[in-house]
Structure formats: C-alpha cells, structure tokens
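S.K.: Need coordinates for the below:
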Amino acid sequence: MFRFESSQYLYLLLVLLALTAIHYYIIYKKKQQVKRFGDPDLTRQLFMGVSRWRPEVKFWLAMAALASFIVALARPQFGTRLDTRERMGIEAIIALDVSNSMLAEDVKPNRLEKAKMLVSNMVNGMKDDKVGLIVFAGQAFVQLPITSDYVSAKMFLETISPSMISVQGTDVAEAINLSMRSFTQQEDVSRAIFVITDGEDNEERGVEAAKQAAAQGVRVYVLGIGNPGGAPIPIPGTGQYIIDEEGNTVVSKLSEEMCREIATAGGGSYIYVDNSSSAQKKLSEQLDRLSKAKIESQIYSEYDEQFQGFILIGLLFLLIDVLLLERESKSTWLRRLLSPAKGGQRVSPLSLAFCLLCFSLTAMSQTDRDYIRRGNRLMRDSVWDKAQVEYQKAIERDNTNPISHYNLGNALLYQNKAEDAMKEYETAARLEKDKVRLAQIYHNMGVVLQSAKQFDKAVACYRNSLRNDPTNDETRYNYALSLFQLKKNQQNQDNQDQQKDEQGKDEK
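M.R.: Numbers count the residues shown, from 1 in each chain. Model prediction:
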C-alpha cells in the first residue's frame, strides 16, 4: 500500500505547471524579438557556440529536481507493514467465580482479591500467549475476549466484582462451555481453561463439561480458593454477614472433591489456593508444561518512509544541471568535472553538489520515524520505559505525527500511567486522519475509561471507534459491556435516590 503522509504539499506541483507556462512564453517572446532583427537563419549564425537543446534540457532537469523535492516533502510511504510474528505460546481462558461467597475473608484480603492477584501475576508471566477472561456465578459472560493485550486484561480484571452478575450460584459447566466458544479458530494451538472457584457446582454438570473440553484437546485446570472448613460471607459496607432464611450465618466451604473431579475429567490438575505463594508457583509450573505452539500475532502497523530516495534523485538532477553548460565548449565533460575553479576562490560545481548531498544525508539520519522504529523494537522486548524515551524524542522531532503520540500513550499505559496515556491518545486523535488507526486510538481510550468506571465516556469513545472501523468485534463487545454497566449504574443510582426519598417521607 502506498500513501503520502503530508499529501497537502503535493499541491505545490501546480507551481511546476505555472513555471512551464512561463518558460515557454519567454521562449516565444525571444523568438519574436529575433525575428525583428532579420531572417532567422542569418541571425542564428550570430549565436555560434550557443546550444539549442541544452537550455531546454537544463530547464527540465531543474523541473524534475523540484518535483522530486516536492514529492519528498509530501513524505511518500510504502506499507502498511503489519508486523506479523510467529510466536510460541498458548491460548488461555481464565474463568473466575464472582459469586458473593468470593467475598469471604478466610484468604486475605478476601477470596476474590486473592484470585485477582493470582491472575494478575499469571498475566505478568505471559509473553507470547493469548488470554481471555470470563466471569461466572449462576450465569457466565465474557469479560474480555481472548487477546494478547495484557494491559487491557489487567485493567478489566480490576473492575470485576460480585455485583456484575445478579444470578447467584456456581455454574462451572456454563463457564467451561462459554470458554470453549471463546477460543480463536487457529489450528494447532495449545489451549487451556483455568477455573478459579470457591464453591460447589450447583448444577453438577461441571465434570461432563470438562470431559467434553478434554475430548477437543483443551485442558481444564481448577484452582480452589478458600478454606474447606468454611467461612462467613460479609455484606460489603455493613460489617454484617449473610444469613439464611432461618437467621443462621451462611458459611461458604471449599469443595476440594468437586474441584479435583472437574480437573481430572478435564485432563488438567487441581491447585489449592491459600494465603501462601505455593499456588502461584504451581500455576507457573503448569503453564510451563503446556506445549507451546506457533501463534500468529499482528502487533504493530507501520509505514516505511521513502522520501530519501526522492531527495537523492532530485540532487542527482541538480548535479547534472550544474555540470551541463548552456554553451558548447571544447573542454570535455570529465575535465570540467575534475578541475577546480580558477584562482581557487570559488567552489567547483562538483564540490557544491557533493556538499549538498552530504548535508541532506546528515539531515535525514535522525528522523522521527527512526525514533519510532527504535521505540517499537523496545516495545516488542517489553522495555516500556526506554520505549517511552524514544517516542518522546520522535515527538520532539515532529510534534504533529499522531503515530508518535499514540505509541507513547501505549508505552505509558503499559507502565500503569493511565492519566498520561489518555493525554497522548487525545492528542493522537486530534491529529490522526487514517480511520483504522483513529478507531484503535478511541478503542484504547475506551479501555482506560472503562477500567476507571467512567462508563459514559467509555461508551462515547467506543462509539467513535466503531464509526471509523465498524468491523472490530472486540470494540463492539466492549461497547455493549460499557453500555450495560452504564445502565446498571444509572439504575442503582435511581434506586438509591428512591430510597432516600422514601426515608425522607418516613422522617416527616
């Protein structure tokens, strides 16, 4: 694919048409003046030694050089180059139980937060893998489609809470079945499902679902979190515990037997999670044992600059123009090329052209694109802070390049500097003209806002992203999820306002 980054400069090519018209008008006027002196054949003999074709050639050489410089100014680029790499990794779906019992505090700070830390550390250890996130209780839904964007995975992880699902219970089978439908269609890739739960399988279909997954080559691992002896379930913000219909405190117990049965049926293993770090080590060992397969992943989209070639062509035309004299001379072209100017006071045409060439190459040696490429290499190696420095250097070179601001935002986001990343995304969105890249910028902004629970702004960003690229399924899903969370918050706010109104009436 070919494009011009600064295509507005191409309008300068119209100047060439004007110069050409002026050039031939001047030639016409000169011919008219020559005719006034007498017969054209006789007057031509007065201009012996003056070439008829060299001035014309020199003019077109100058026009070609000027055209080359204008094209170089418009920054021609070949691409896009999608950096598709074959990486050795797996596809992992994490199914996290978010029932109310996960608030029990027999594992510190509570079961859910412990599970989040476990998953966060698991994602930190991934490099060439893809991960998806599913939450479940009595129902299950996709929290994050399978992706290699680990920053988004950790951000979505932070927003998980039991209030996300109104239907309580523990339907492990639904979580496994939904996980099976969430993998990609790529063949010959190792896949695994990691179920993190604390309760019994209320539907008692988990073992059968695990067997079906294993039959399709997907291993099912179960991480049981909590105390087998049980613990009460606190009600957030009240200091009280959940009680049953008879007024007894509900005690949530970890069913290790159920967890082992599901893990065995799924061809995986059972890992017990307590307050120690042993579960994290065992989980890392199981991940390392999974066979790695080649996964194709498109990470960066770049355009290769080609303006250098046009500058060199323009300089070549200028060099020929300088060496070509308008008058015919007995001295050879090679002699004029090698001999210095008389007296040594003036610079020879060759020296002048050589200096111009060296100057242009020096000026091109450190462009903003060079810094961007170095930053991209550092991003691939997960060296976020050094990548940030390279992108900042690129911005110092050219503050109007949206790619520099967008990549800098990504580097900041990977360092958990969401506020600074948003500023760079906003700048990139103002400068970007390419619809596909603009859609990705708005998508990333939506992820940041959604993780900050600013669902109204997240919805607006996802909507802008879909306007520019309606084919992105991940954006469409995030948009629907943010819209659902926004409506739910509004309903909760309406209920709270209604309760306040009723309390006010009772007090009166």
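
S.K.: so what does the host helix or strand of Ile26 touch, helix or strand wise?
M.R.: Remark: Ile26 resides in helix 13-37, with elements defined by DSSP states H and E. Under the contact criterion of 3 or more CB pairs under 8 Å, 6 or more residues apart in numbering; DSSP states H and E, helix 13-37 touches helix 40-44, helix 54-73. The way it works is simple: take the backbone N, C-alpha and C, and place the C-beta from them, glycine included.

S.K.: The last one vs helix 13-37, what angle?
M.R.: Computed by axes from the mean of the first three to the mean of the last three CA atoms, to 10 degrees, the angle separating helix 54-73 from helix 13-37 equals 170 degrees.

S.K.: Tell me how far the closest residue to Ser190 other than its chain neighbours lies from Gly375.
M.R.: Distances taken as CB to CB, 6 or more residues apart in numbering put Ile90 closest to Ser190, at 4.4 Å, once the chain neighbours are dropped. Using CB to CB, to the nearest Å, Ile90 is found at 28 Å from Gly375.

S.K.: Assess the claim that the residue nearest to Ser190 and Arg191 are in contact.
M.R.: Yes. With contact defined as CB atoms under 8 Å, Ile90 counts as touching Arg191 (6.7 Å).

S.K.: State the number of residues packed around Tyr476.
M.R.: Small correction: residue 476 is Arg, not Tyr. 15 (other CB atoms under 10 Å).

S.K.: Distance from the chain centre to the helix or strand where it lies, please.
M.R.: Element membership for Arg476 (DSSP H and E) is helix 473-507. Computed by CA atoms, centre = their mean, to the nearest Å, the chain-centroid distance of helix 473-507 equals 31 Å.

S.K.: Identify the residue nearest Gln95 in space, chain neighbours excluded?
M.R.: I think there's a mix-up here, since residue 95 is Ala and not Gln. Nearest residue to Ala95 in three dimensions, chain neighbours excluded: Ala175, at 4.0 Å (CB to CB, 6+ apart).

S.K.: where does that neighbour land on pLDDT?
M.R.: Model confidence at Ala175, expressed as pLDDT, equals 93.

S.K.: How about the one 4 residues further on?
M.R.: Note for Ser179: predicted pLDDT of 94.

S.K.: now the one helix or strand Val119 maps to: mean pLDDT?
M.R.: Using DSSP H and E, Val119 sits in helix 111-124. Throughout helix 111-124, pLDDT has a mean value of 90.

S.K.: Which SSE is immediately downstream of that helix?
M.R.: strand 130-136.

S.K.: what does that following strand rub up against?
M.R.: Where contact means CB atoms under 8 Å, 6 or more residues apart in numbering, the residues beyond strand 130-136 that reach it are 89-98, 119, 123, 140-148, 150, 153, 156-157, 160, 164-165, 170-172, 174-175, 178-179, 182-184, 295, 297.

S.K.: Mark which of those residues are part of strands, please.
M.R.: 89, 91-97, 140-147, 295, 297 (DSSP state E).

S.K.: which non-adjacent residue is nearest Ala210?
M.R.: Gly266 (3.5 Å).

S.K.: Count the residues that sit near the one you found.
M.R.: Neighbour count of Gly266, defined by other CB under 10 Å: 27.

S.K.: which residues touch it?
M.R.: With contact taken as CB under 8 Å, 6+ apart, Gly266 is in contact with Ile176, Ile193, Ala210, Lys211, Ala213, Ala214, Val218, Arg219, Val220, Tyr221, Val222.

S.K.: 6 Å instead?
M.R.: Each residue near Gly266 by CB atoms under 6 Å, 6 or more residues apart in numbering is listed here: Ala210, Ala213, Ala214, Val220.

S.K.: now do Arg3
M.R.: Per CB under 6 Å, 6+ apart, neighbours of Arg3: Gln77.

S.K.: Ile70 contacts Tyr11, doesn't it?
M.R.: No. Counting by CB atoms under 6 Å, Ile70 stays clear of Tyr11, with 9.1 Å between them.

S.K.: Of those two, which one has the most company?
M.R.: Shown here are Ile70 and Tyr11; by other CB under 10 Å, Ile70 has more neighbours (19 against 10).

S.K.: Identify the spatial nearest neighbour of that one, chain neighbours not counted.
M.R.: Leu12 (4.7 Å).
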